[in-house]
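Trainee: quick one, structure for this:
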Amino acid sequence: MLQYLGRLLGADRNNPPPVAYLSKAEGEPVWRTGRLLSVDPQGATFETEIDGARAAECLPWGSIGGVRVRLGDGP
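Mentor: Predicted structure coming up:
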């Protein structure tokens, strides 16, 4: 997964791919939408909106329950 996400991110650094990700960081897991900003061996950073404000959410791999990436131009 790390290699695949890294390739997606590297494809266009000025336009990070939109994703939905399952954050298990606090309380009940919650799906958030945003953009994938960076990937490293410890985790990933997403740009998202939390409580109405733009935020960067940095999550270790253990706090990411899943990542959905839209492929192609389909729905």
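
Trainee: wait, a strand at Q3?
Mentor: No. Looking at Q3 with DSSP: H, G, I helix; E, B strand; the rest coil, it is helix, so not inside a strand.

Trainee: just give the number of residues close to it.
Mentor: Close neighbours of Q3, defined as other CB atoms under 10 Å, add up to 8. (Glycine included, C-beta is placed from N, CA and C.)

Trainee: all helices of the protein, in order?
Mentor: 2-11 (DSSP state H).

Trainee: got a list of what the nearest residue to R68 once chain neighbours are set aside touches?
Mentor: Once flanking residues are discounted, R68 sits nearest to A20: 4.2 Å by CB to CB, 6 or more residues apart in numbering. Counting by CB atoms under 8 Å, 6 or more residues apart in numbering, A20 touches W31, R32, T33, V67, R68.

Trainee: do A55 as well
Mentor: With contacts defined as CB under 8 Å, 6+ apart, the neighbours of A55 are E47, T48, E49.

Trainee: chain neighbours aside, what residue packs nearest to the first one?
Mentor: Just to be clear, that refers to E47. The nearest residue in space to E47 (CB to CB, 6+ apart) is R35, at 4.6 Å.

Trainee: what's the burial count for that neighbour?
Mentor: As a burial measure, R35 scores 15 neighbours (other CB under 10 Å).

Trainee: quick one: low-confidence ranges for this protein?
Mentor: Of all residues in the chain, those with pLDDT under 70 make up the ranges 1-2, 9, 72-75.

Trainee: grab the longest strand from it for me.
Mentor: Scanning the chain for the strand with the most residues, using DSSP state E, yields strand 30-40.

Trainee: and that one, which residues are buried?
Mentor: R32, G34, L36, L37, V39 (16 or more other CB atoms under 10 Å).

Trainee: could I get the residues you listed as JSON lines with distance to G62?
Mentor: Listed next are the buried residues of strand 30-40 as JSON lines, based on distance: CB to CB, whole Å:
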{"residue": "R32", "distance to G62": "17"}
{"residue": "G34", "distance to G62": "19"}
{"residue": "L36", "distance to G62": "18"}
{"residue": "L37", "distance to G62": "19"}
{"residue": "V39", "distance to G62": "15"}
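
Trainee: which one of those is nearest to L59?
Mentor: Among the buried residues of strand 30-40, R32 lies closest to L59 (CB to CB), at 10.0 Å.
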